[in-house]
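**Student:** quick one, what's the 3D model for this:
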Amino acid sequence: MSARPTEAVAFMSGAEQARLMERGELTSRALVELYLDRIAAYDAGLHSFITVCGPAALQAAEAADAERAAGVVRGPLHGLPFAVKDQFQVAGVEVTGGSRSRRGRVAQSDATVVARLRAAGAVFLGTLNTHEFHWGPTQEFPYGTPKNPWNLSRDPGGSSSGSASSVAAGLCTFSLGGDTGGSIRAPAALCGVVGLKATWGRVSRQGVFPLAWSLDCVGPVTRSVADAASVLRVIAGADPGDLSATPRAVPDYSGALAGGVKGMRIGVVEDMLTSRMVGAEARAAFEAAIEVLQGLGAEVVTVSIPKVSDTRFVIPLLIDAEAYSYHRSELLRDYSGYDVNTRISAMVGAAMPAGVVAQAQRARQVVSLEVVAAFEGVDVLASPGSPSGAPESRRRGHVGSRRQAEEKIFGVGTSAGQLTRVFSLSGNPAVTLPCGFDAEGMPLSVQLAGKHFCEADMLRVAHTYEAATDWWTRHPSLAG
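**Tutor:** A predicted model of the protein is given here:
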């Protein structure tokens, strides 16, 4: 057995950590201890975690080590520590949804995805910070304002803020987040890690606080594409507790990563490269990434999703209406327990005319058909993952003008959501991964999207690009 693991181990991919365990050079307990020490050292400034379950994690790690010693290895995630957005039910753990209104409420059972990860031998470490009920933007974070580990004055993105910052900062091996309009992909892009939203219905949402049922997806945040593939294979699949989870067989995502991109066709979405949608640095990094894929044998063509910019007028209407429907009774019981900005969104949802929601649903279908058309003759669609590096964190004040109301409701202006929402509306799988840095040292990313239930093709392209570059090996100096 080697000595205490070095700080570098904290930033290894899960696959690399698993290889060390296979060789007897690392134990799950030692890895959990390393992460607990790092959480104690760094998370007071980052506010990635809401609840840390140290004693239970150490006990689970010891059990995983005992199984390995007895020759029982449950899979590639065996002994690897993970954390989940404070949106997932975890038996015996307080789950708040990032809201003070739910303090003291302890889950009685695990969400399906948490249970599947535990069954695969992964070790639960704790719950992660989020915008309140994943609605956002939260004005007053009751568990501390989450920060970006690359620069504590910068925003880590939302709503799966802690899911991305904890992985980027080397506080856990991987995490789970929720993505309704980009809430996994955008934080992952801004924090320089991998964020995956599978096809709608590919992963069970049983035991997960909803935001908007018709859009919500669950997925992993990891340091490598291979890790994302491993986690997805474990959490995907049918579930009698969530009838929207597809009964389709779960592919071997990890096995599909090999083979390269020669002969594959990548469609660059030209409408997502305009100055209105993306800044010069992000566009340059994206174009360099596409050149790498071309050099590896991919054929690149230009495609169009004409109404992609209009998604900012569609998805907030659907989210606010559906979210208000879910929260109505709780709002009536404890209105003041909600953050002021969440209350504003709830009022918008409550006042939404049925005809407006119906129009938004029709617009969603139009956008979805445009995505289908863009996929004709190509395997994967590509765009930047965010319009720029992470912006400065700022406290969101009260809405005091029509302009501020439009910005609050529709996200008018350049934002990561402009690039991610379209694949939430269409239900397609999408992943963001690092592709460079801006002049201020903040991560930039590329987004790849696949056809429905074709995560394997998308991950193959992402893995091939990642293997040809070293962006994913970089980590913030803050965290060691």
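**Student:** elements contacting the helix or strand where N341 lies?
**Tutor:** Here N341 sits within helix 340-351, counting by DSSP states H and E. Using 3 or more Cβ pairs under 8 Å, 6 or more residues apart in numbering; DSSP states H and E, the elements in contact with helix 340-351 are helix 315-334, helix 402-410. Yep, even glycine has a C-beta here, placed from its N, CA and C like the rest.
**Student:** where among those is average confidence lowest?
**Tutor:** Mean pLDDT per stretch puts helix 402-410 lowest among these, at a mean of 59.
**Student:** which element follows it toward the C-terminus?
**Tutor:** Following helix 402-410 toward the C-terminus (DSSP H and E): helix 417-426.
**Student:** does anything pack onto that next one? Which helices or strands?
**Tutor:** Against helix 417-426 (3+ Cβ pairs under 8 Å, 6+ apart) you get helix 185-191, helix 315-334, helix 354-374, strand 430-437, strand 443-450.
**Student:** flag every buried residue along the longest one.
**Tutor:** Neighbour-count burial for helix 354-374 flags V357, A360, A363, R364, V367, S368, E370, V371, A374 (criterion: 16 or more other Cβ atoms under 10 Å).
**Student:** does the last one really touch G267, like I thought?
**Tutor:** Yes - counting by Cβ atoms under 8 Å, a contact exists between A374 and G267, whose distance comes to 6.0 Å.
**Student:** overlap in contacts of the two?
**Tutor:** Taking Cβ atoms under 8 Å, 6 or more residues apart in numbering as the contact rule, A374 and G267 both touch V303, L381.
**Student:** next, the angle from whichever strand or helix holds R460 to strand 443-450.
**Tutor:** Assigned by DSSP H and E, R460 belongs to helix 455-468. Here the directions of helix 455-468 and strand 443-450 differ by 150 degrees (axes from the mean of the first three to the mean of the last three Cα atoms, to 10 degrees).
**Student:** buried residues in helix 455-468, which are they?
**Tutor:** Buried residues in helix 455-468, counted by 16+ other Cβ under 10 Å: 455-467.
**Student:** hmm, back to that, quick one: mean pLDDT for the helix holding N341?
**Tutor:** Throughout helix 340-351, pLDDT has a mean value of 93.
**Student:** which residues touch it?
**Tutor:** The contact list for helix 340-351 (Cβ under 8 Å, 6+ apart) reads 99, 132-133, 135-140, 316, 319-325, 327-328, 331, 335, 338, 396, 398-399, 408-409.
**Student:** now do the contacts for A188.
**Tutor:** Contacts for A188 were tallied using Cβ under 8 Å, 6+ apart; they are G157, S160, A164, V194, G195, V221, G385, T432, L433, S445.
**Student:** hmm, back to that, reformat the helices and strands packed on helix 417-426 as JSON lines; add distance to T473.
**Tutor:** Formatted as JSON lines, these follow (distance: least, Cβ to Cβ, whole Å):
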{"stretch": "helix 185-191", "distance to T473": "15"}
{"stretch": "helix 315-334", "distance to T473": "34"}
{"stretch": "helix 354-374", "distance to T473": "32"}
{"stretch": "strand 430-437", "distance to T473": "9"}
{"stretch": "strand 443-450", "distance to T473": "12"}
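**Student:** of all the ones you listed, which one comes closest to E281?
**Tutor:** Closest of the helices and strands packed on helix 417-426 to E281 is strand 443-450, at 6.6 Å (criterion: Cβ to Cβ).
**Student:** quick check, L318 in contact with A212.
**Tutor:** Yes - in this structure, L318 is within contact of A212 by Cβ under 8 Å, at 5.8 Å.
**Student:** tell me what angle the helix holding N341 forms with helix 354-374.
**Tutor:** Using the same axes, to 10 degrees: helix 340-351 against helix 354-374 is 100 degrees.
**Student:** pull out the buried residues from helix 340-351.
**Tutor:** For helix 340-351, the neighbour count (16+ other Cβ under 10 Å) marks N341, T342, R343, I344, S345, A346, V348, G349 as buried.
**Student:** closest to L36 among these?
**Tutor:** Checking those against L36 by Cβ to Cβ gives T342 as the nearest, at 31.6 Å.
**Student:** what about that closest one, distance to L211?
**Tutor:** Taking Cβ to Cβ, to the nearest Å as the measure, T342 falls 11 Å from L211.
**Student:** what sits in contact with each of the two?
**Tutor:** Counting by Cβ under 8 Å, 6+ apart, the common neighbours of T342 and L211 are F133, W135.
**Student:** where in this protein is pLDDT low?
**Tutor:** Residue ranges of the chain with pLDDT under 70: 1-2, 395-416, 479-480.
**Student:** just give the nearest non-adjacent residue to Y253, would you?
**Tutor:** Spatial nearest neighbour of Y253, excluding adjacent residues (Cβ to Cβ, 6 or more residues apart in numbering): A229 at 3.8 Å.
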